[in-house]
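>>> generate a structure from the sequence data that follows.
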Amino acid sequence: MVPQTTSQLPQTLTSDGNCLLVKLSPETLQLVADFFKVLSESSRLQIVCTLKAGRKNVSEIIDATGLGQANVSKHLKILAQAGIVNRQQEGVCVYYQIANSFVFELCELVCDSLSVQIQQQSERIANLGAFRQPVSN
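Below is the predicted model:
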């Protein structure tokens, strides 16, 4: 669930209004950038969304996403290395689940922001129609 008020959001600004990220070392900022790179691939986002309903094995993820086995395995490895998913061996089967549900809050924030941007763009395009004059023959 996305926090409803700014008091529920993590503190991201310093007392002088600057972003806390400016206080991070370049190495730490690279870790943040690398985390976002992991989520910047659509197949990995498909896998993450599939796991929102709960843990699944590779076969179930393949069925849910339509991705190939090698592709799913490659992306699960990357997601696990980034700490986004956990893997749990049970006999011959490996199950994957989301390690921290904050990833869904992050995705919701991005989707909400994109939705607003698209709505605003649609309104601007509709307003351009007012300048269109009928073509006369």
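>>> quick check, pLDDT for Ser7.
pLDDT for Ser7: 38.
>>> so for the protein, the centremost residue is which one?
Cys107 (3.9 Å; Cα atoms, centre = their mean).
>>> so who does that one touch?
By Cβ atoms under 8 Å, 6 or more residues apart in numbering, the residues touching Cys107 are 39, 45, 48-49. Bear in mind the C-beta positions are built from the backbone N, C-alpha and C, glycine included.
>>> 10 Å - rerun?
Residues counted as contacts of Cys107 (Cβ atoms under 10 Å, 6 or more residues apart in numbering) are 2, 39, 45, 48-49, 52.
>>> filter those down to just the ones in helices.
45, 48-49 (DSSP state H).
>>> now these in TSV, with neighbour count, pLDDT and distance to Asp63?
Listed next are the ones in helices among the contacts of Cys107 as TSV, based on neighbours: other Cβ atoms under 10 Å; pLDDT from 0 to 100; distance: Cβ to Cβ, whole Å:
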residue	neighbour count	pLDDT	distance to Asp63
Leu45	15	95	17
Val48	19	96	16
Cys49	14	95	14
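>>> what's the closest of the residues you listed to Thr65?
Each of those was checked against Thr65 using Cβ to Cβ; the closest is Cys49, at 8.6 Å.
>>> still on that earlier bit, out of the contacts of Cys107, who's nearest Ser113?
For the contacts of Cys107, the closest approach to Ser113 (Cβ to Cβ) belongs to Val2, at 11.0 Å.
>>> and the gap between Ile47 and Ile62?
Using Cβ to Cβ, to the nearest Å, we find Ile47 at a distance of 10 Å from Ile62.
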